[in-house]
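Novice: Okay, here's the prediction I keep looking at, along with the sequence it came from:
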Amino acid sequence: MAKIIAGVSSSHVPAIGAAIDNKQTEEPYWKRVFSGFEKSKEWMAQAKPDVVILIYNDHASAFSVEMVPTFALGCAAEFPPADEGWGPRPVPVVKGHPQLAAHIAQSVILDEFDITVVNKMEVDHGLTVPMNLLFGSPKEWPCPVIPVAVNVVLYPPPTGHRCFMLGRAIRKAVESYPEDLRVVVFGTGGMSHQISGPRAGLINSKFDKAFLDNLTKDPKKLTRIQHLEYMREAGAEGIEMVMWLVMRGALEDKVDEVYRFYTVPASNTAVGHIILEPHRRAAKKSAGKAKKPAGKMKRAAARAKTDRVRS
Ligand SMILES: [Fe+2]
């Protein structure tokens, strides 16, 4: 049977993609951001998922404001990078997993979660930037990706609780898929930021760090955050954080935080990142060979907190 082996969340700031594409990753400003993902790439190289389910939002690339589905599931065989105004990013075409995606569609819809099935879709920085951050810049992505697009651009977006429950439904779907697949779920977007209006440039590190803490320890508390609170505390675009709750809902209640990174700013956005594993998997690890790398990751996380977190 398929199983979810981990959840990963990360911001998907478009300027991060531009820094990669323009080969600016070694410049001091960007090195601060990219260095926080070095351990994550090592973790991902060890995790070697068979499939990634990537929760993100489309930024008027695949869906214009004329029609925006609340939740859209990519069921195609492939998803080309979108032209976001300066040509498609030079990243590989994303290969989908139509069989698992169709199974998820059937499972969640019969579970009364009416997701929109999308058979043709281009994917923008919301998906491609987190792929770069966790997999680097290979010629081909190392595994198929099932995109799940969430509307956070046109009012009303779904609630955090609804997103969390979508994660639960996705987990049920994955765990009923007969093939032995190891699946990692990404939740992307955020953290605090506002890109226009009088509060443009808003960053609220205190809110972000509390969100990260509760994502691990008390995600149900996060499901009670209302839209207005996201906007007030984390800026208009901070609402993207509801997508992290899809990832968290796809994991079990008890998880182990394997790694965390937070830095400000990247462009005008706070960058947050976390890797969570089901508790029982970590417990197995502690008894086996993988104990050392996990310890290293935790020490790296502590260093990242000390060195890079600003209040
Ligand atoms: Fe976004």
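Specialist: Thanks, I have it.
Novice: how about low-confidence regions in the chain?
Specialist: 281-311 (pLDDT under 70).
Novice: which residues of the chain fall in helices?
Specialist: For the chain, the helices defined by DSSP state H cover 14-21, 28-34, 38-47, 98-110, 125-135, 160-175, 205-217, 219-222, 227-234, 242-249, 279-287, 291-308.
Novice: what's the most buried one of these?
Specialist: Sort the helices of the chain by mean neighbour count, taking mean count of other Cβ atoms under 10 Å, and helix 242-249 sits at the top with a mean of 29. Bear in mind the C-beta positions are built from the backbone N, C-alpha and C, glycine included.
Novice: Quickly note the distance from residue 129 to residue 234.
Specialist: Here residue 129 is placed at a distance of 19 Å from residue 234 (Cβ to Cβ, to the nearest Å).
Novice: just residue 113 next, same as before
Specialist: Going from residue 113 to residue 234 by Cβ to Cβ gives 26 Å.
Novice: Stretch 189-199: how far from the chain's middle?
Specialist: Relative to its parent chain, stretch 189-199 has a centroid offset of 18 Å by Cα atoms, centre = their mean, to the nearest Å.
Novice: buried ones in that stretch?
Specialist: 189, 190, 191, 192, 193, 194 (16 or more other Cβ atoms under 10 Å).
Novice: Is residue 161 in contact with residue 225, as I believe?
Specialist: No: counting by Cβ atoms under 8 Å, residue 225 is not a contact partner of residue 161; they are 9.1 Å apart.
Novice: residue boundaries of the strands in the stretch 51-200 of the chain?
Specialist: Ranges of strands in the stretch 51-200 of the chain, per DSSP state E, counting those that start in this stretch, are 51-56, 71-74, 78-79, 94-95, 116-118, 145-150, 182-188.
Novice: got a markdown table for these, with mean neighbour count and distance to residue 240 too?
Specialist: Listed next are the strands of the stretch 51-200 of the chain as a markdown table, based on neighbours: other Cβ atoms under 10 Å; distance: least, Cβ to Cβ, whole Å:
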| stretch | mean neighbour count | distance to residue 240 |
| --- | --- | --- |
| strand 51-56 | 28 | 9 |
| strand 71-74 | 23 | 14 |
| strand 78-79 | 19 | 20 |
| strand 94-95 | 20 | 20 |
| strand 116-118 | 18 | 19 |
| strand 145-150 | 27 | 9 |
| strand 182-188 | 26 | 8 |
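Novice: where's residue 273 relative to residue 177, distance?
Specialist: 28 Å.
Novice: So these two - more neighbours on which side?
Specialist: residue 273 (24 against 19; other Cβ atoms under 10 Å).
Novice: which residues touch that one?
Specialist: Neighbour list for residue 273: 8, 9, 10, 11, 36, 37, 40, 133, 259, 260, 261, 262 [criterion: Cβ atoms under 8 Å, 6 or more residues apart in numbering].
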